[in-house]
Each structure stands twice: as structure tokens, then as C-alpha cells.
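S.K.: Here is a sequence together with a model predicted from it:
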Amino acid sequence: MNEGSGFLIAFGIACGALLSAYQAKKYNHDPEIIYYLFLPLTIWGLIGARLWHIFTPPLSSVQLGLTTQHYLSHPIDALALWTGGFGIPGAILGGVIALYIFCRKYEQSFWELADILAPGILLAQIIGRLTNYFNQELYGLPTNGFLKIFIDPAHRLLGYEAIEFYHPLFAYEMILNTIYLILLLWLSQKYGVPEPAPANKAGTLFLIYLVIYSITRFGLEFLRLDSSLINGVNINQVFFIFLFIFAGGFLLWRNRFVQNL
């Protein structure tokens, strides 16, 4: 991760925090709670993302010798955030853990804060994905279609040295996440519930975010060359299948349960 990437990630987090603070005010929460919360969310998210990369390194890292065994035997490289990369699944897990601990400590509603944070998380992801463009990473299968990106030979995977153009998966995700952000903001405006939110409604926005993002990542992984494989299985797809089942199933069950009360 170079200095430009670090700046974009920090800028994305800052923009996400500002949007979440605005959402908090709409929900009759003190916006300052978001500024206190975003630091632990960022730290735990980075830790989770780094651990996910270490234990499920993508093919490009493996080809460079940055395997799990390498990180375990060279802990300095594991701590050197500019070596290797990060994994979004780990960031999601780390962020959820941080939010849960924060809510338990300060007696806040986990689901209400999750709803408040969901649009800001998406905005941070959209801006953060720009780092993939500048680092020439997160590209997909070769293509000569209208949407394509040129990848320098130094950033091409082994076996693809002679191929110049690829699917810009990061751009696809940015476009879809922008649509999802507009959707969540619209749902928040139309159906958002001020504090205290009924138990059946708090958390709906966050669960919708998890469902639609899981579908996106699961689908894009079919186009991805730089997959994270464990025994030949795409671990990212497995994670997002389980996340989709959990979030979607819980959302449907809760709404059905409430309707039957």
C-alpha cells in the first residue's frame, strides 16, 4: 500500500464518517458518537482485513511468495501493511466485532447504529476502491469489451503476461455500490425511524446492505483472476454465501415473525 492508497483509504473513511454523522442526526442520535466509533471501527476493520489477507492470500500474493506460511514465519511482513494487502470479508467481521463491543460498553443499540453506519460504510468502500485503479489490482478475466482496463506487464499474473486488457472489477463494484448507496439513502429517508426505533425495524438497512453486497461480491468473484483459494475453493465466495444466507434469512425471519405477532 503506497502513500496515495493510504490517503484514499483515509479520505474514504473520513467521508464515510461525515455521512454517518449526518445519518445519526436524522435518527436523533448525537453525531459525535460516530466520531468516537469510527476509530475503533477503523482499527478493528484494518486488523480483520489484514488477517483475512494473511490467512487467505490471493493468487498474486502467492505467486510473489507471500503465502500464509511466509507471514507466519516472517511476522514483520505481517505487520508491514504495505506488503501484501487486505481482505474486505475480514474488514466486515472486524467492524461488526468493534461495533458490538462499543455498543455493549456504552449501552447503545447495535442495530440502530448499524443502520446509521451502513450508507457511510458503502461510501468509504466506493472511495477506497479507487486504490485498486492506481495499484492496478482487482481486475478480472481478459476482455476486449467496452469496459476494460490496461494492466502493466509488471502487474499481470503468471500466464497472462501477453494479455493487455482485463475486466475492471473494482469499477464494477464501485458502480454497483453507488447504486446501493442511493438505495440505502432513499430507504433511510422513506422508512427511517427516529430513536427509539421499533425492534422489528432497527437493523433493516444494515441487513439489506449485507445481502446486496454479498450478491455483488459472490458474482464478481466468477470474473476474478486473483482469487483467494483454499484447497481449490474460492474462500471469498464461501464467505459471502454464508453472509447472504445469514443476513437474508434473518431479515426474512424477523419480518415474518413480527407480522405474525
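M.R.: Thanks, I have it.
S.K.: For the stretch 151-261 of the chain, which segments count as helices?
M.R.: 169-191, 204-220, 235-259 (DSSP state H, counting those that start in this stretch).
S.K.: Flag the shaky bits of the stretch 51-200 of the chain, pLDDT-wise.
M.R.: Within the stretch 51-200 of the chain, the stretches with pLDDT under 70 are 191-200.
S.K.: on that earlier part again, winner for burial among the helices of the stretch 151-261 of the chain?
M.R.: helix 204-220 (a mean of 21; mean count of other CB atoms under 10 Å). Heads up, the C-betas are built off the backbone N, CA and C, glycines and all.
S.K.: OK, contacts around Arg50?
M.R.: Arg50 is in contact with 78, 81, 86-87, 90, counting by CB atoms under 8 Å, 6 or more residues apart in numbering.
S.K.: That should have said Ser5, apologies.
M.R.: 131, 134-135.
S.K.: From the residues you listed, list just the buried residues.
M.R.: Neighbour-count burial (16 or more other CB atoms under 10 Å) applied to the contacts of Ser5 gives 131, 135.
S.K.: and which of the contacts of Ser5 is nearest Leu19?
M.R.: Thr131 (19.2 Å; CB to CB).
S.K.: where does the closest one sit relative to Ala114, distance-wise?
M.R.: The gap separating Thr131 from Ala114 is 25 Å, by CB to CB, to the nearest Å.
S.K.: quick one: average pLDDT of stretch 202-214?
M.R.: Stretch 202-214 shows a mean pLDDT of 93 in the predicted model.
S.K.: oh sorry, the question was meant for stretch 235-255
M.R.: 92.
S.K.: Stretch 35-45 too?
M.R.: The average pLDDT for stretch 35-45 rounds to 89.
S.K.: May I see the buried residues of that stretch?
M.R.: Within stretch 35-45, the residues scored as buried using 16+ other CB under 10 Å are 37-38, 40-42, 44-45.
S.K.: can you tell me how far the residue most central in space within the chain sits from Lys148?
M.R.: Nearest to the mean C-alpha position of the chain, by CA atoms, centre = their mean, lies Ile88 at 4.3 Å. Here Ile88 is placed at a distance of 23 Å from Lys148 (CB to CB).
S.K.: repeat for Tyr22
M.R.: From Tyr22 over to Lys148 the distance is 36 Å, taken as CB to CB.
S.K.: what does His53 give?
M.R.: Distance from His53 to Lys148, by CB to CB: 26 Å.
S.K.: And Leu37, by the same measure?
M.R.: 39 Å.
S.K.: swap in Gly85?
M.R.: From Gly85 over to Lys148 (counting by CB to CB), the distance is 23 Å.
S.K.: which of the two has more neighbours?
M.R.: Neighbours per residue (other CB atoms under 10 Å) separate Gly85 from Lys148, with Gly85 holding more: 24 against 17.
S.K.: Could you double-check that the more buried one sits in contact with Glu137?
M.R.: Yes: if you go by CB atoms under 8 Å, Gly85 and Glu137 touch, sitting 7.5 Å apart.
S.K.: and the gap between the residue nearest to Tyr172 when sequence neighbours are not counted and Ala154?
M.R.: Distance criterion CB to CB, 6 or more residues apart in numbering; nearest residue to Tyr172, sequence neighbours excluded, is Leu220 at 6.2 Å. Separation of Leu220 from Ala154 (CB to CB) stands at 24 Å.
S.K.: likewise Ile34?
M.R.: Applying CB to CB to Ile34 and Ala154 gives a distance of 40 Å.
S.K.: now do Thr83
M.R.: Thr83 is 16 Å from Ala154, by CB to CB.
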